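**Student:** okay, here's the prediction I keep looking at, along with the sequence it came from:
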Amino acid sequence: MRHLLSPLDLSVEETNELLDLARDISKNPDKYSHKCEGKKIATCFYEPSTRTRLSFESAMLNLGGSVIGFSSANSSSASKGESVSDTIRVISCFADICAMRHPKEGAPMVAASKSSIPVINAGDGGHQHPTQTLTDLMTIRELRGSLDNFTIGLCGDLKFGRTVHSLIKELSRYTGIKFVLISPPELRVPDVIRDETLKANNIEFTEVERLEDVIPELDILYMTRVQKERFFNEEDYLRMKDFYILDAAKMAMAKPDMYVLHPLPRVNEISTEVDDDPRAAYFKQVQYGVYVRMALILTLLGLN
Ligand code: CP
């Protein structure tokens with residue numbers, strides 16, 4: 001039995017196979033529409049979500065399976081004090097696979113250690129979000145044709161943004177990737193990512209504050225939201241929340257084929273005037289998220 005707690009739980013070869021499967025699913029959905037008949041996914045979300053929870057549920061329904069779950073800690077027995085360890089033992093009696101989101105870093109790992117069904121980390125605090133990373137990879141590969149040899153700018157809240165942490169770890173395993181880390185000084189990537197992933201693997205990276213200075217050199221721009229829910233005080237959040245706003249004027253400075261990704265939800269960091277630009281890929285990205293989650297469910301259940 002396998003879990004997905006970090007993007008690195010899949011080898012590069014396995015990741016590429018999963019992306020191939022996701023592509024086949026996108027082209028031939030009927031071929032997969034009965035693959036999970038009789039199977040159930042439990043979506044156990046202790047923190048709010050629109051995309052991740054509903055795309056897991058869509059993914060399982062598209063595969064012919066069923067869905068159970070809860071969408072907030074308050075609507076589960078966590079509100080009465082039940083531990084994640086006990087909850088997953090219970091869920092293991094009801095479902096064949098579980099996608100779990102939790103505000104505490106490492107909670108899905110604790111669940112996996114007590115589970116008799118595969119556990120997928122659907123986002124744990126500011127730590128990791130591996131299925132968003134698979135979504136990002138599929139988006140980049142479908143748009144560029146390859147996951148090697150490009151410059152990616154990651155912009156916004158690089159400190160608390162779990163999607164950024166997972167994506168840097170994952171892309172560090174591919175060839176010829178240059179990272180441009182764009183953030184206010186207070187929201188730089190954690191030391192552990194800079195030292196143990198980027199520096200330790202001799203990956204080329206720069207850290208800058210102004211998006212305008214670097215946007216012309218980027219092949220991919222990955223915008224992120226300032227993570228209000230992770231700030232300890234409101235004043236700091238208010239000071240930094242509108243630090244970056246991608247608008248048509250900034251897009252005019254970018255390459256004609258620089259795609260814009262965003263894990264969403266967005267607040268103000270991408271002006272809606274960018275939505276009609278053909279380089280805006282963030283809503284396509286959401287669709288790819290369903291295909292990769294279908295591929296992941298099949299892979300972890302051994303039905304691929
Ligand atoms: N990208 C993402 O994780 O979105 P949700 O918080 O809506 O699931």
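**Tutor:** Nice, I can see it. Numbering: from 1, shown residues only.

**Student:** got the phi and psi for residue 279?
**Tutor:** Main-chain torsions, residue 279, degrees, to the nearest 10: phi -80, psi -10.

**Student:** and the closest residue to it other than its chain neighbours, how many neighbours does it have?
**Tutor:** Using C-beta to C-beta, 6 or more residues apart in numbering and skipping the chain neighbours, the partner closest in space to residue 279 is residue 259 (5.3 Å). For every residue, glycine as well, the C-beta is placed using N, CA and C. When neighbours are counted by other C-beta atoms under 10 Å, residue 259 registers 25.

**Student:** distance-wise, check residue 259 relative to residue 251.
**Tutor:** In this structure, residue 259 and residue 251 are separated by 11 Å, where distance is defined by C-beta to C-beta, to the nearest Å.

**Student:** need the residues touching each of those two.
**Tutor:** Taking C-beta atoms under 8 Å, 6 or more residues apart in numbering as the contact rule, the neighbours common to residue 259 and residue 251 are residue 279.

**Student:** nearest to the middle of this structure, which residue? Look it up for me.
**Tutor:** Nearest to the mean C-alpha position of the chain, by C-alpha atoms, centre = their mean, lies residue 132 at 1.8 Å.

**Student:** let me know the secondary structure of that one.
**Tutor:** helix (DSSP: H, G, I helix; E, B strand; the rest coil).

**Student:** distance of it relative to residue 90?
**Tutor:** 27 Å.

**Student:** burial measure for the spatially closest residue to residue 256 that is not a sequence neighbour, as a count.
**Tutor:** Nearest residue to residue 256 in three dimensions, chain neighbours excluded: residue 279, at 7.8 Å (C-beta to C-beta, 6+ apart). Applying other C-beta under 10 Å, we find 16 other residues in the vicinity of residue 279.

**Student:** tell me how far residue 279 lies from the ligand.
**Tutor:** In this structure, residue 279 and the ligand are separated by 20 Å, where distance is defined by C-beta to the nearest ligand atom, to the nearest Å.

**Student:** and the strands in the stretch 1-150 of the chain?
**Tutor:** Under the criterion DSSP state E, counting those that start in this stretch, strands of the stretch 1-150 of the chain are mapped to 40-45, 66-70, 97-102, 119-124, 150-155.

**Student:** what's the closest residue to the ligand within the stretch 51-200 of the chain in contact with, if anything?
**Tutor:** Checking the stretch 51-200 of the chain residue by residue against the ligand with C-beta to the nearest ligand atom singles out residue 52 as nearest, at 3.2 Å. Under the criterion of C-beta under 8 Å, 6+ apart, the contact partners of residue 52 comprise 45, 99, 101, 122-123, 129, 131-132, 289.

**Student:** flag every residue of the stretch 151-300 of the chain that's near the ligand.
**Tutor:** On the criterion C-beta under 6 Å from any ligand atom, the ligand has as its neighbours in the stretch 151-300 of the chain the residues 263-265.

**Student:** ranking by neighbours, what's the top pick from these?
**Tutor:** residue 263 (27 neighbours).

**Student:** could I get the phi/psi values of that residue?
**Tutor:** Geometry field for residue 263 lists phi and psi as phi -70, psi -20, criterion degrees, to the nearest 10.

**Student:** so it touches residue 162, yeah?
**Tutor:** No - using C-beta atoms under 8 Å, residue 263 makes no contact with residue 162, being 9.0 Å away.

**Student:** could you name every residue contacting both of the two?
**Tutor:** Both residue 263 and residue 162 are in contact with 129, 132, where contact means C-beta under 8 Å, 6+ apart.

**Student:** measure residue 212 to residue 249 for me?
**Tutor:** Here residue 212 is placed at a distance of 9 Å from residue 249 (C-beta to C-beta).

**Student:** residue 215 too?
**Tutor:** Here residue 215 is placed at a distance of 10 Å from residue 249 (C-beta to C-beta).

**Student:** return the helix or strand in the protein with minimum mean pLDDT.
**Tutor:** helix 234-240 (a mean of 80; mean pLDDT, DSSP states H and E).

**Student:** with just CA atoms, put it into CSV.
**Tutor:** Extracted in CSV, the C-alpha atoms of helix 234-240 (Å, rounded to 0.1, in the frame of the first residue of the first chain):
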residue,chain,number,x,y,z
GLU,A,234,-3.4,41.1,10.8
GLU,A,235,-1.2,44.2,10.4
ASP,A,236,1.6,42.2,8.7
TYR,A,237,-1.0,40.6,6.4
LEU,A,238,-2.5,44.0,5.4
ARG,A,239,1.0,45.4,4.7
MET,A,240,1.9,42.6,2.3
